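K.L.:
Fold the stuff below for me.
(2 chains)
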There are 2 protein chains.
Amino acid sequence: MDPISLVRAGVANMSGYVPGEQPAQRPDLVKLNTNENPQEPPPRVVQELIAAMPAINLRRYPDPGARLVREWAAKVYGHGLTPEQVIVGNGSDDLLTMILRTFVDPGEWVVAPGPTYSLYEALTQLQGGRYREVPWHGDGGLPVAELVATRAKVVFVVRPNAPTGHVVALEEVARLCREFQGMVILDEAYVDFAADHGLGLLAHHANLMITRTFSKSMAMASLRIGLGFVHAPQLVAELHKVRDSYNINAFSQLAARIALEHHADYQPIWTEIRRQRARLTDQLRQRGFTMPDSQANFILARVPEAGPEAAWWFEQLKDRGIHVRYFARDPRLSDKLRITIGTAEELDRFLAVVDELGTF
Amino acid sequence: MDPISLVRAGVANMSGYVPGEQPAQRPDLVKLNTNENPQEPPPRVVQELIAAMPAINLRRYPDPGARLVREWAAKVYGHGLTPEQVIVGNGSDDLLTMILRTFVDPGEWVVAPGPTYSLYEALTQLQGGRYREVPWHGDGGLPVAELVATRAKVVFVVRPNAPTGHVVALEEVARLCREFQGMVILDEAYVDFAADHGLGLLAHHANLMITRTFSKSMAMASLRIGLGFVHAPQLVAELHKVRDSYNINAFSQLAARIALEHHADYQPIWTEIRRQRARLTDQLRQRGFTMPDSQANFILARVPEAGPEAAWWFEQLKDRGIHVRYFARDPRLSDKLRITIGTAEELDRFLAVVDELGTF
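P.N.:
Coordinates of the predicted model:
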């Protein structure tokens, strides 16, 4: 028997999500393709983690409720949140899967203003749901009426959005919560790099859920830590039914708790990323690239119209050891490059290679 | 709007899987309820893990392909396996979820000889599939014809079985693979404590998949590491479509690789568990408990017929700081206790409390 014939049609026919390339680490490589933090976590976080690790009982199951992480998250993020409103994921992608498995039956619709994070489509397909994107308004505004009109079960709004980096007004998110007759998922993966966030909305909107990740601002992509915040604790109870009982391992729970304890130590890292983001934006605009203002730790730059195509830039940069992200298959993005904000030195090297390739 | 009304009926109506209790750790607690290893991993494994951890780039995404783990697994487990036949899960429960999402469409059947691991039912429900158990033959044999007759899409066989601890003959598993027109999943979570295993069957049966976990024999329940082995690499490619791209974090990948490198160091731990299993079986039988011979790291003991009920034993033991597993809701199991094989000292304490409670 051919076991491939046993695979669900919905899976067999999909191509599968392709994450950004993770090239083998070389000291001369400039990796600006997957929005990692250019710095390791603050020294105190790393030191305490190294010191505490040997005390983990490796043989024992981790706390299935990730209690300490939830308590620290409620404390650090404030806004009257309680641990019962917090859920922990094996990265925020794990939370996105839980959301789809909790709310979306086969054939039901999931929508998002697009272009946006392409994993939503892949996860909706896996769940047997139907997915479509509603274009952002021309000025980058949230298409509230159009999203409401879809009558979908779930809407994902990334703020700051990936891969554009732009933000919509929080009042527009609030309006979407009031008018949309389904779950509103506000994906705040990049929000620590932005001017404001939506946690204050949770108290007022029962259909709002906010997700965060430790992979970007918290410099812990290696450890797969995501947080979800909801209005009603009962919703956490429903999400827990679809959660793997032991989704977060003991080391990641330890790391998350220590990082939250020293949350304030991350501020200088974020300030520097914002400074470098402003510099990169300015420098690339001077060279003929165009882009919206970004509030994330990346920019989405359209290559100069007078010069070669984005695919050429992507390959030339890669040949010179500089990895950026290129979305070849999406016509809305295929004239653009997404560039993670690296260190000042990494961005200097990137800009030097851009100049070497020519200014248009 | 009440967001609970948005939850899928299939989720809202289920009660959710309840894992064994993870009580707060106290030195006087004897924890024999979740089949953890009573020993920490071998000293070399722990030492190398502690030494290697500070070199992890916390800020970087882990290898999404878990390449080194798969290479070491293929090497250590032999039988001509290649890394392309190996898939890594965030615990073997993650693999079980992947299996259901890859093969089971809503309404399709999943079966297992039962009683068995109760998570299969919960995961099938989540996927919208239908689940039923076919009773083991009276002698504990595999009901091959009955399972084939169900015409299900997937059959799970746990070997040694949980929670009974008994094994079926490998030839019967091979016969099931030949006759069953769906995927056969051989769950070998406990196989390192048994006399033989099924990896040698993989070369001959395209519809066979074997799962392993590091939570029991490898003494790493804290780190959530599971391995899957398939006949055809193309099947790994399909499973990868439903896998979270970064399901295994960097620390767990490191730990898994080091544990596999020193796989032989685990042998004395397993030998001691087998010795204690024989002793506990003997001692409990002398006290009027009855049980099948177990090849796992636990036994399923029916309490003495002349004495109080299993629920009483469970509570009395717990009051005295000894946690065992009791399956109150399953009438096939409600007269039994599942007891993990602990250290000699832990089992001495357990037996002393049993004697204190009375012999029947």
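
K.L.:
Quick check: end-to-end length of stretch A:176-196?
P.N.:
By C-alpha to C-alpha, to the nearest Å, the extent of stretch A:176-196 from end to end equals 18 Å.

K.L.:
go on, stretch A:13-31?
P.N.:
End to end - C-alpha to C-alpha - stretch A:13-31 spans 32 Å.

K.L.:
same question, stretch A:80-90
P.N.:
One end of stretch A:80-90 sits 25 Å from the other (C-alpha to C-alpha).

K.L.:
what mean pLDDT does that stretch have?
P.N.:
Summarised as a single mean, pLDDT over stretch A:80-90 is 97.

K.L.:
give me the number of residues near whichever residue of the stretch 51-200 of chain A sits closest to chain B?
P.N.:
For the stretch 51-200 of chain A and chain B, the shortest gap (C-beta to the nearest C-beta) falls at residue A:59, measuring 4.1 Å. To be clear about C-beta, it is placed using only N, CA and C from the backbone, and glycine gets the same treatment. Residue A:59 is flanked by 20 other residues according to other C-beta atoms under 10 Å in any protein chain shown.

K.L.:
ok so residue A:352 is a strand residue?
P.N.:
No - if the criterion is DSSP: H, G, I helix; E, B strand; the rest coil, then residue A:352 is helix and not within a strand.

K.L.:
tally of neighbours for it?
P.N.:
12.

K.L.:
gap between residue A:187 and residue A:153?
P.N.:
16 Å (C-beta to C-beta, to the nearest Å).

K.L.:
Those two: who's more crowded?
P.N.:
Using other C-beta under 10 Å as the criterion, residue A:187 and residue A:153 rank with residue A:187 on top: 27 against 21.

K.L.:
which residues does the more buried one bridge with?
P.N.:
Beta-bridge pairing for residue A:187 (DSSP bridges): residue A:158, residue A:211.

K.L.:
ok now do it, which residues does it touch?
P.N.:
With contact taken as C-beta atoms under 8 Å, 6 or more residues apart in numbering or on different chains, residue A:187 is in contact with A:92, A:96, A:117, A:156-159, A:210-211.

K.L.:
try 7 Å
P.N.:
Taking C-beta atoms under 7 Å, 6 or more residues apart in numbering or on different chains as the criterion, residue A:187 is in contact with A:117, A:156-158, A:211.

K.L.:
Let me know the pLDDT of the residue of the stretch 51-200 of chain A closest to chain B.
P.N.:
97.

K.L.:
ok, it touching residue B:37?
P.N.:
Yes - if you go by C-beta atoms under 7 Å, residue A:59 and residue B:37 touch, sitting 4.6 Å apart.

K.L.:
For the two, list the residues in contact with both.
P.N.:
Shared contacts of residue A:59 and residue B:37, defined by C-beta under 7 Å, 6+ apart, are found at residue B:219.

K.L.:
follow-up on the earlier one: put the buried members of the contacts of residue A:187 into a PyMOL selection.
P.N.:
Buried residues among the contacts of residue A:187 (16 or more other C-beta atoms under 10 Å in any protein chain shown), as a PyMOL selection:
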select buried, chain A and resi 117+156+157+158+211
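
K.L.:
Save the contacts of residue A:187 as JSON lines, and put in pLDDT too.
P.N.:
Formatted as JSON lines, the contacts of residue A:187 follow (pLDDT from 0 to 100):
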{"residue": "A:117", "pLDDT": "96"}
{"residue": "A:156", "pLDDT": "98"}
{"residue": "A:157", "pLDDT": "98"}
{"residue": "A:158", "pLDDT": "98"}
{"residue": "A:211", "pLDDT": "98"}
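
K.L.:
where along chain A do the strands fall?
P.N.:
Applying DSSP state E to chain A gives strands spanning A:30-32, A:86-89, A:109-114, A:130-135, A:154-158, A:183-187, A:208-213, A:226-230, A:298-302, A:322-324, A:336-340.

K.L.:
Could you export these as JSON lines, including distance to residue A:270?
P.N.:
Listed next are those as JSON lines, based on distance: least, C-beta to C-beta, whole Å:
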{"stretch": "strand A:30-32", "distance to residue A:270": "17"}
{"stretch": "strand A:86-89", "distance to residue A:270": "22"}
{"stretch": "strand A:109-114", "distance to residue A:270": "25"}
{"stretch": "strand A:130-135", "distance to residue A:270": "29"}
{"stretch": "strand A:154-158", "distance to residue A:270": "18"}
{"stretch": "strand A:183-187", "distance to residue A:270": "18"}
{"stretch": "strand A:208-213", "distance to residue A:270": "14"}
{"stretch": "strand A:226-230", "distance to residue A:270": "17"}
{"stretch": "strand A:298-302", "distance to residue A:270": "14"}
{"stretch": "strand A:322-324", "distance to residue A:270": "21"}
{"stretch": "strand A:336-340", "distance to residue A:270": "14"}
